[in-house]
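S.K.: sharing a model that was predicted from the sequence below.
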Amino acid sequence: MTLKSLLMGAVASVAIAPAAFAERGADGEVKIIYWQAPSILNPFLSGGTKDVESASMIIEPLARYNEKGELVPWLVEEIPTVANGGVSEDLTTITWNITPGLLWSDGTPFTSADVAFTYEYCTDPEGGCAQVTKFEGVTSVETPDETTVVVTFGGPTPNPYGPFVGGESPILQKAQFEACKGAAASTCTEQNFNPIGTGPFVVDEFKPNDVITMSANPNYRDPAKPAFASVTFKGGGDARAAGQAVMETGEFDYAWNLQLAPDVIASMEAGGKGVAVAGFGPLLERIMINQTNPSPDLPEGERSTAMHPHPFLTEPAVYKAMSMAIDRPLLVEIGYGQAGKVGCSWVPAPEAFASTFEGCEVQDLEGAKAMLDEAGIVDSDGDGVREHNGVPLSILYQTSTNAVRQDFQALIKEWWEQIGFEVELRNIDASVFFGGDPGSPDTFQKFYADVEMYANTFNGTDPQAYLGNGLCDKAPRPETQWQGENISRFCMPEYDALHAELTQTADLAERQRIGRELSAMNIDNGGMIPLVHRGRLSAHASSLGGVVLNVWDSELWNVADWHRIKSN
Amino acid sequence: MLTFAVRRLVLAVPTLLFISFVIFMLLQLAPGDPMAQVPLTVPPEVKEKMRQALGVGEPPLVQYWKWLVQVFWLEPKVFIDYLTNSSTLLGWLPDTQLYQGELRVISWQTRSPVMDIVIQRIPQTLWVVGMAYIVGILIALPIGIYSAYRQYSIFDQSGTFITMIGFSVPPFFTGPLLIVIFSVSLGWFPSIYDTTHVVNDWASFKYQLSQMILPVMVLALQTTAQISRYMRASMLDNLNQDYVRTARAKGLSEAVVVAVHVLRNSMIPVITVIALGVPAIFGGAIITENVFKVNGIGQLLITALFANDLPMVMTLTFIFAVLIVLFNLIADILYGLLDPRIRYD
């Protein structure tokens, strides 16, 4: 072999290799399985995670959160801030500059009119838009020119990144959805199933609650992406079967949200065809403590309302002892494994908002007993249950029906009974428990129990609205048809005042300090007992590259970067 | 016979109306909320707006009336339009264009017409559940016949044992068991059914077969168990009859005695049992479809139930009711046709 041919070969391989690597559609097909099947590809009409995430491959917002919870520009040139002039000094307007030259998948230009239309579409009073809170406080969306969008808020808004940011607030094409506003939203089956987007893929066929087939968007802004030519997005079955299909049989490349026992995940990973990845958002499994009396002896309409404070759960010694008696590391190990951490704060993430309290990570049964003894809450009639002012510490502990939650109930009941409580357990089907039917006595809002366990979280990275769930007037009560987010009926004027201060503060460090303080205040005063900071666990095939699990946005946020790892 | 059939069909109308009303009221009274699956991060006021957009707040009788109009007036119009517009059978007729864009039965989950989804789901359900039914019958009949002919033989005893297993082991056990053996360990068959697969050549047909084998096996086990027991019992009833002895005395061969004389008479009750089982095919197989992700009618029903998608649940259960009433009638008519002793007029 001559030097010349060697050199030619080297030149050729250098020329070919990157081209082969970075060519649109070069890696064939990727198969994704969600055990909850998507029902619709218009997230404004559903709000279900499965629908929001499947749609996020097709339609996109102006800006997204990355895996660290930071904003990244998506369809715009940069993130507007006060520093770069994109957000006005008085915090009432935000100006987005759309990247010029963007095209919809049908080849028409993406303009500011589409963005303004999306606002009109979602805020139409008859449309029943699921994401309308994203546009809370917005008074107008103006479009001075084709690439500029000015969003104006009714008052100073320290966090103006609600509208058009994140997977739940994508942009719809005006031309496609123009006839679908308001009451017509439900009749637009064709549009809702085949939205035109700017994302890396376009819908070929959508079979509701079954499967979506997609192919690469020919007009995607990066000519080298996506690496996959087609996507099969299957829905249905259960989490175990989805994990099995990725990690054991290798039939699929990506499985979403595997809520399975840690040992099950471990045995699946031993199959060797895929790996599980975990990401942590602000999802917190907690026990809410009812500050009001849920006694069935009270008349309907007064039960579990602020009219009657709880006979003993408002007592600091009682709820602190209950918290001390819990072995959080053990709960994590049993229930969540690598998808859980000890939960010590109402807002466990982002990190800077997370508070903590003493003794969160250790169980202290003796300390709990001593604390109750010291407060004079002792077993005076010898039945093994302590009394407070003559009322025995007998509690009803409810949650939704779910294997992990029932394990937790059994363990925690055991610990609480060791320190002198009497605990009755109850579990309710999730569709009833979380259903919010004001006529049902079994909803988590009605809270006809002493303590209840569930998980909650918030979207995005700013917990202001979420911390608002501790305000006095957010308590569910008959006047509000039992709607409201302050489930424990926690009420403290100092808390309300501090939260009002948060809504006026723009400086991030200061917001984080107030956020930590609010979280600690709620926990110290008996609003809740945090248990486990839950992550999300998904699995991908070993041959699938580019997966970055993101809990702040859609899990499929960077699907354009996914590619097949060549095994040679 | 014709008057009988017409009388029964006319009587079926009030029956079905009553059934639909009972289903509707049961669903109204059941607890649950179509917004239960929407994340907690969506505030209650927004959920309330979404419910209103779905028409949940209306009085039950108004909702029921709307549903009746949609099912009995609008959906037939859409169907006739489809027949005269795009079907090959009646496509030569002028396009009727009866449907003028009124609101059809809309699913709350997908905001699309329920009937379109049902039509989309029928093929995979018929392929898998229907095929399992046919396979089950084909296995069951010979087993039933031979078991009865050689009563208490080893074949009969082992047949009884296997059918007992078929009766008593539920598909949520056999399904995952077969997946673990044939998909995970051996890797022979896929564990997830591909509903988008199109059969257009030999290779794709082989793939279709391989993905159907496991669910068909699970379902056929149950059908086999049931039908073979009926067949055996019915054969035993007939084998001891006088006409069988007569046939043997005439010097007919055993094959003719069993296959012609006994079998024909024994088939009468078995055929009605088979006909009565047909509606269950359209009902799909909720558990098996879920285990293998076949996503047919059964999976549609169960997801609609979980999501409290009342229009979908209501329409599906009503379709099942229609099929059951219809196949009861067919079974009765078949009985009359097969058995000369039974006459309805």
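M.R.: Okay, I see it. Numbers count the residues shown, from 1 in each chain, chains lettered A, B, ... in the order given.
S.K.: and the gap between A:V559 and chain B?
M.R.: The gap separating A:V559 from chain B is 19 Å, by CB to the nearest CB, to the nearest Å. Quick note: C-beta positions are derived from backbone N, CA and C, even for glycine.
S.K.: tell me the contacts of that residue?
M.R.: A:57, A:200-201, A:226, A:231 (CB atoms under 8 Å, 6 or more residues apart in numbering or on different chains).
S.K.: how about A:D106?
M.R.: A:D106 touches A:173, A:196, A:219, counting by CB under 8 Å, 6+ apart.
S.K.: which helix or strand contains it?
M.R.: Following DSSP states H and E, there is no helix or strand that holds A:D106.
S.K.: ramachandran coordinates for it?
M.R.: As for A:D106, its main-chain torsions (degrees, to the nearest 10) stand at phi -90, psi 0.
S.K.: OK, contacts around residue 104?
M.R.: With no chain named, the answer covers chain A. Counting by CB under 8 Å, 6+ apart, A:W104 has contacts A:110, A:173, A:196-198, A:219.
S.K.: chain B is the one I meant
M.R.: Residues in contact with B:R104 (CB under 8 Å, 6+ apart) are B:70, B:74-75, B:78, B:113-115.
S.K.: top of those residues by neighbour count?
M.R.: When those are compared by neighbour count (other CB atoms under 10 Å in any protein chain shown), B:V114 ends up highest, at 26 neighbours.
S.K.: wait, isn't that residue in contact with B:V313?
M.R.: No - applying CB atoms under 8 Å as the test, B:V114 and B:V313 come out as separate, 9.6 Å apart.
S.K.: give me the number of residues near the closest residue to chain A within the stretch 201-345 of chain B?
M.R.: The nearest approach of the stretch 201-345 of chain B to chain A comes at B:N295, 4.1 Å away (CB to the nearest CB). By other CB under 10 Å, the residues close to B:N295 number 29.
S.K.: please apply the same query to A:S295.
M.R.: Counted with other CB under 10 Å, A:S295 comes out at 16.
S.K.: hmm, it is touching A:R303, no?
M.R.: Yes - counting by CB under 8 Å, A:R303 is a contact partner of A:S295 at 6.8 Å.
S.K.: ramachandran coordinates for the residue in the stretch 51-200 of chain B positioned nearest to chain A?
M.R.: Closest contact between the stretch 51-200 of chain B and chain A, by CB to the nearest CB, is at B:A53 (2.7 Å). Per-residue torsions, B:A53: phi -60, psi -30 (degrees, to the nearest 10).
S.K.: which non-adjacent residue is nearest it?
M.R.: A:G128 (2.7 Å; CB to CB, 6 or more residues apart in numbering or on different chains).
S.K.: how about B:V71?
M.R.: Spatially, and ignoring its direct neighbours in sequence, B:V71 is nearest to B:V105 (6.3 Å; CB to CB, 6+ apart).
S.K.: what number of residues lie near that neighbour?
M.R.: Neighbours of B:V105 (other CB under 10 Å): 21.
S.K.: tell me the pLDDT of it.
M.R.: B:V105 carries a pLDDT value of 82.
S.K.: A:G137 reaches A:G154, doesn't it?
M.R.: Yes - here A:G137 reaches A:G154: they are 5.3 Å apart, a contact under CB under 8 Å.
S.K.: neighbour count winner among these two?
M.R.: A:G137 (16 against 11).
S.K.: so which bits of the stretch 351-500 of chain A are right by chain B?
M.R.: A:430-432, A:434-437, A:440, A:442, A:445, A:456-459, A:483-485 (CB under 8 Å from any CB of the partner chain).
S.K.: returning to what we had before: and the contacts of A:V559, which is closest to chain B?
M.R.: Checking the contacts of A:V559 one by one against chain B (CB to the nearest CB), the nearest turns out to be A:V231, at 11.5 Å.
S.K.: residues near the closest one, how many?
M.R.: Around A:V231 there are 27 residues (other CB under 10 Å).
S.K.: and the closest residue to it other than its chain neighbours, how far from A:T232?
M.R.: Leaving aside its chain neighbours, A:V231 sits nearest to A:M214 (4.2 Å; criterion: CB to CB, 6+ apart). As judged by CB to CB, to the nearest Å, A:M214 and A:T232 stand 8 Å apart.
S.K.: neighbour count winner among those two?
M.R.: Between A:M214 and A:T232, A:M214 has the larger neighbour count (other CB under 10 Å), namely 26 against 18.
S.K.: assumed that one was part of a helix.
M.R.: No - under DSSP: H, G, I helix; E, B strand; the rest coil, A:M214 falls outside any helix and is assigned strand.
S.K.: show the pLDDT at it.
M.R.: Predicted confidence (pLDDT) for A:M214: 94.
S.K.: so it is in contact with A:A229, correct?
M.R.: No - contact criterion CB under 8 Å: A:M214 and A:A229 do not qualify, at 9.9 Å.
S.K.: looking at chain B, which helix or strand is least sure?
M.R.: Across the helices and strands of chain B, mean confidence by mean pLDDT, DSSP states H and E is lowest for helix B:44-54: a mean of 76.
S.K.: which parts of that one are buried?
M.R.: By neighbour count on 16 or more other CB atoms under 10 Å in any protein chain shown, the buried set for helix B:44-54 is B:44, B:46-51, B:53-54.
S.K.: all set now, cheers.
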